[in-house]
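1. Sequence below, structure please.
(2 chains)
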Amino acid sequence: MRILVAEDLYLLRDGLVRLIEAYGHQVVATASTGPETLDALRSARPDVSVIDVRMPPTQSDEGLRAALTARSEIPGLPILILSQHVEQLYARELLADGSGGIGYLLKESVFDADQFIDALERVAAGGTAMDPAVIAKLLSTSAPSRGLDRLTEREYDVLGLMAEGLSNQAIGRRLFLSESAVGKYTTSMFGKLGILDDDDTNRRVRAVLTYLNKA
Amino acid sequence: MKQSGVWAARAGVGLVRACAVAAVCLLIPAVWGGAVALGIWWGPANPWSWLAPLLIVVVGTALLARPVCQVVRFLVTRWTGTVVPTGYRQAGPVTRMSTGYWWNGFSYERTRRDALMDQRWRIRWRDPANWRDLWFTLVAPFTAGLVAAVPPAAAAVAVLGLTWPERVAPPAAAVAAVVAVASAPYAWRLVEPVAVRFLRPSRAMALADRVEELTAQRADVTIAQAAEIRRIERDLHDGAQARLVGLGLSLATAQKLMDSDPVRARALMRDAQAGAVASLTELRELIRGIAPPVLSERGLAEAVRALALDSPLEVTVDADLPPSLDPPIEAAVYFGIAELLTNAAKHARASRARISLARTGTGLVVEVRDDGRGGAEVRPDGGLAGLRRRLSVFDGTMEITSPPGGPTLAVMMVPCESL
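-> You can find the predicted model right below:
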């Protein structure tokens, strides 16, 4: 994959580049400010980009803004946001356009390199990768709306893990279910939520969006 | 007939009031006059005979100034309803120290009685209000006093004309009577504007009050800040710092075991990784408590929206704000809202809350209302008192109405000058 790394701290940027290259992917560009990131996103069109939220010159949410701007110009441009903290507010903004190819993870998720690269590949393929912290916050603020209250507890759990971006197989491992059992849950869940797409990736993203927009 | 009866009553009341005003305002000049008369009687040529009169003037004025002013205030409030604020300095609490001595804000005394006495005297004689009172006692006789003296003086002349016609000619007495009756309803009224103008707290007194308030606030803030820093230090010391030490130890041991026992070494590295994740989580929580990242990244309105999303309540946010306010004010208001939302969820068991933020002509107004069971009150050392303290630094206020059974409405205001 051709990957962009946007991170203002040299040590972290360098570490990310080395990690990605160690897994056989190609880093096509690096950026250390918001405007640089936006330029690189437009010109290099990477398969997936790893972007920090807080970057110079303002040290506010420059990276996030660059990502949102680029995605409004190039719908579905796969982007994985890495941050020191996760906010539901940002997660909603990233997912708002509904086109998938979005990840939002805490920086320490790179500690588990295999999972991190896995998440990167998932996002590049148009899926999602949400940090469990975001999902946990959403679970703790449960408000029944948009048909979510019609889900059984099990379906709700499956939806939570799906929102993190896990595959049916991975969800099955987490919940001690067989992959086909997870498949049954997801199908009934899609039915209850009225999501009738044929493409499975698309359906998953839409389920996650329903889930995130429930409040 | 009825008309003249009303007139007579008004003249009578006016005369009584004019007498009272004249008596009060002219009391101190009367003391001075008495003292001068005494000096003349003892012999004006001898300088020593003026010593006692001088003493009478000084002591008499000093002792009478405040009672005279208080009586004038009382009369003005009673007759016109106008309240003239006193602005006298108030006594602070007298507390017993661990040494057994009593501290009254100025000095240590052996007994409570001594401390109170000492405090009373110091406050009485160092009060900047004394100068204002003195100034009033100089102004009042020549304005309100003089005018108020007209009806009684005219009445006296008229009465004199009736009893001793040979001394005061009847036409003069008649004129005096007319003047007395005509001026009586109005003559005392000058005391009101004079009292309002000269008896209200002066600029110097207002400033002195403000200095006192700010001093108290500064002390409060310093204490709160020190406590906050201690808390952060303790959190870092017991949390992240200790974890990093543990992490270093695990890594050092793992390095040692790398060749001899690779299985244990790998387990230790896994521990180290878990430790790193845990300390990052702790640091994140700590940072959120000091300066929430979303606040510095997005400003107050968005940060409050983020807060609303994370709250277990169903929260709606109406924000009509300029994009950026002063960071310290944003932080104080943000933590205030966080505190109120936590209270609503934890103590009031509310299910919904509504937050509105608006910039009005007078400043920033934030309302937080919930549908909980109410009963919130501001306790010293409680969260709400801390909230008030944080806001008071910017002259901000927080008022909460929370009847038992709910609902609760809290209003925070930060005035415009501070924005």
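2. the domain parsing of the chain - what is it?
-> The chain I'm using is chain A. For chain A, the structural domains run A:2-130, A:142-212, going by automatic domain parsing.
3. Hmm, no, I was thinking of chain B.
-> B:2-86+B:127-201, B:89-121, B:205-290, B:293-418.
4. any chance of these in a markdown table, with mean neighbour count, distance to chain A and mean pLDDT too?
-> Backbone N, C-alpha and C define where each C-beta goes, glycine included. A markdown table is the format used below for those (neighbours: other Cβ atoms under 10 Å in any protein chain shown; distance: least, Cβ to the nearest Cβ, whole Å; pLDDT from 0 to 100):
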| stretch | mean neighbour count | distance to chain A | mean pLDDT |
| --- | --- | --- | --- |
| domain B:2-86+B:127-201 | 17 | 46 | 87 |
| domain B:89-121 | 14 | 45 | 84 |
| domain B:205-290 | 14 | 5 | 88 |
| domain B:293-418 | 18 | 4 | 88 |
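5. residues in contact with residue 186?
-> All of this refers to chain A. With contact set as Cβ atoms under 8 Å, 6 or more residues apart in numbering or on different chains, residue A:186 has these partners: A:158, A:162, A:168, A:204, A:207.
6. please go with chain B instead
-> Contacts of residue B:186 by Cβ under 8 Å, 6+ apart are residue B:14.
7. Give the buried residues for stretch A:58-78.
-> A:60-68, A:70-71, A:77-78 (16 or more other Cβ atoms under 10 Å in any protein chain shown).
8. Now do the SS call for residue A:51.
-> Here residue A:51 is strand, with the state taken from DSSP: H, G, I helix; E, B strand; the rest coil.
9. Surely residue B:395 touches residue B:388?
-> No - assessed by Cβ atoms under 8 Å, residue B:395 is found out of contact with residue B:388, at 11.7 Å.
10. Write out the residues of chain A neighbouring chain B.
-> With the criterion set to Cβ under 8 Å from any Cβ of the partner chain, chain A comes near chain B through A:53-54, A:59-61, A:64, A:84-85, A:87-90, A:92, A:106-108, A:111, A:137, A:140-141, A:143, A:215.
11. can we see that at 6 Å?
-> Neighbours of chain B within chain A, by Cβ under 6 Å from any Cβ of the partner chain: A:60, A:61, A:85, A:87, A:88, A:89, A:108, A:111, A:137, A:141, A:143.
12. tell me, how many neighbours does the fifth one end up with?
-> Close neighbours of residue A:88, defined as other Cβ atoms under 10 Å in any protein chain shown, add up to 22.
13. so who does it touch?
-> Applying Cβ atoms under 6 Å, 6 or more residues apart in numbering or on different chains, we find residue A:88 in contact with A:137, B:309.
14. Can you read off the pLDDT for it?
-> We have a pLDDT of 84 for residue A:88.
15. Low-confidence stretches in chain A?
-> Low-confidence segments of chain A, defined by pLDDT under 70: A:136, A:138-148, A:196-202, A:205-206, A:209-215.
16. if we go to 50?
-> A:142-145, A:214-215 (pLDDT under 50).
17. about what we covered before: which of the domains of chain A sits most buried?
-> Stretch with highest mean neighbour count among the domains of chain A: domain A:2-130 (a mean of 19; mean count of other Cβ atoms under 10 Å in any protein chain shown).
18. got the end-to-end distance for that one?
-> 21 Å (Cα to Cα, to the nearest Å).
19. Also stretch A:30-38?
-> 11 Å.
20. which residues touch the nearest residue to residue A:47 once chain neighbours are set aside?
-> Computed as Cβ to Cβ, 6 or more residues apart in numbering or on different chains, the closest residue to residue A:47 that is not its neighbour in sequence is residue A:1, at 4.3 Å. If you count contacts by Cβ under 6 Å, 6+ apart, residue A:1 has them with A:25, A:47, A:124.
21. quick check, nearest of the residues you listed to chain B?
-> Checking the contacts of residue A:1 against chain B with Cβ to the nearest Cβ, the nearest one is residue A:25 at 22.5 Å.
22. wait, doesn't that closest one sit right on residue A:3?
-> Yes - using Cβ atoms under 6 Å, residue A:25 is in contact with residue A:3, at 5.4 Å.
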